[in-house]
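Visitor: coords please:
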Amino acid sequence: MHLLKSALPIEPRIPSVPEMEAAPPAELIVVERDPTGVAVITINRPSSLNSLTRLMMVLLAASIRRLDADPAVAALVITGRGRAFCSGVDLTAAEEVFKGDVKDVDANPVAQMERCRKPIIGAVNGFAVTAGFEIALACDILVAGKDAKFIDTHTRYRAREVSLSGMAITAQMAQQWGLVNHVVDNGEVLKKAKEVALAILRNNRDMVLMYKSVINDGFKLDLGHALALEKVILLIISLYFSVTFG
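Guide: Presented below is the predicted three-dimensional model:
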């Protein structure tokens, strides 16, 4: 069972999603926008290794949705403050999280990441555990510190080995398995993630969105329709370069 895909509907004591978008509590989820078009979302609860409460999940989902709709933002970076990226669901709030409605996508960070049209780069420092690992896997590109560790019980890749052994996947193993794109020194994770984002943004932004759409939508289609979609997109890109550069 996916942890984040079983989140509760928003309860009355928790502010509604529109209220979150109007005034998100900055101490839990911090959003920083760069003039270059890169926005950094920081999970900011280092005292508990950035474990997620129901409120934090709502805030994170709202932040992703809001940045996706912001024309000034072209790429997102998600990271965690302190010694961990995200250590999963806060066990003291587990009942509130686990008895939820799988259709509540507005309060589901992973669902919002999957819907996001813009590239998302994960900057993984320290531990990414269960729900934290799921958030990491939902990123388009992952940068990890050399001491980063991934621990999960429901990953699709080598799932039985990871689940039955309870093994921690090191950054180096994750890179060998194709889960992580870049492994860097621990203090360079966010810097490298921003560099990757800026490298993407040096391309035409409309083309970037189109390519990501092809990649995501292609997995939802059978082979014939996926190839047809690819052909249409390649034609559009070819026409763009022909008109732009002659």
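Visitor: any idea how far the most centrally placed residue in the chain lies from Glu230?
Guide: Against the mean C-alpha coordinate of the chain, by CA atoms, centre = their mean, the closest residue is Cys139 at 3.8 Å. Per CB to CB, to the nearest Å, Cys139 is found 23 Å from Glu230. The C-beta positions use only the backbone N, C-alpha and C, and glycine is treated the same way.
Visitor: give the contact list for the residue nearest to the centre of the chain.
Guide: 78, 113, 120-122 (CB atoms under 8 Å, 6 or more residues apart in numbering).
Visitor: Spell out which residues make up each domain of the chain.
Guide: What automatic domain parsing lists as the domains of the chain is 4-201, 205-245.
Visitor: same question for the longest one, mean pLDDT?
Guide: Read that as domain 4-201. Averaging pLDDT along domain 4-201 gives 84.
Visitor: Just give me how far it sits from the chain centre.
Guide: 5 Å (CA atoms, centre = their mean, to the nearest Å).
Visitor: just checking, which of the contacts of Cys139 belong to helices?
Guide: Residues of these located in helices (DSSP state H): Met113.
Visitor: Determine which two of the contacts of Cys139 are furthest apart.
Guide: Met113 and Ile121 (11.4 Å; CB to CB).
Visitor: Can I take it that Gly178 is in a strand?
Guide: No - under DSSP: H, G, I helix; E, B strand; the rest coil, Gly178 falls outside any strand and is assigned coil.
Visitor: number of nearby residues for it?
Guide: Neighbourhood size, Gly178 [other CB atoms under 10 Å]: 8.
Visitor: Could you do the one 4 residues further on as well?
Guide: Using other CB under 10 Å as the criterion, His182 is surrounded by 18 other residues.
Visitor: Ala199 is in contact with that one, correct?
Guide: No - when contacts are counted by CB atoms under 8 Å, His182 is not listed as touching Ala199 (11.2 Å).
Visitor: now, which of the contacts of Cys139 sits nearest Ala171?
Guide: Among those, Gly122 lies closest to Ala171 (CB to CB), at 12.0 Å.
Visitor: Wait, the closest one touches Thr79, no?
Guide: Yes - Gly122 is within contact range of Thr79, at 7.5 Å (criterion: CB under 8 Å).
Visitor: And the strands in this protein, which stretches?
Guide: For the chain, the strands defined by DSSP state E occupy 29-33, 38-43, 75-80, 84-86, 120-124, 127-129, 141-145, 149-151, 169-170, 182-184.
Visitor: need the contact list for the nearest residue to Arg65 once chain neighbours are set aside.
Guide: Excluding its sequence neighbours, the residue lying closest to Arg65 (CB to CB, 6 or more residues apart in numbering) is Gln112, at 5.1 Å. By CB under 8 Å, 6+ apart, Gln112 lies in contact with 60-61, 64-65, 68, 105-106.
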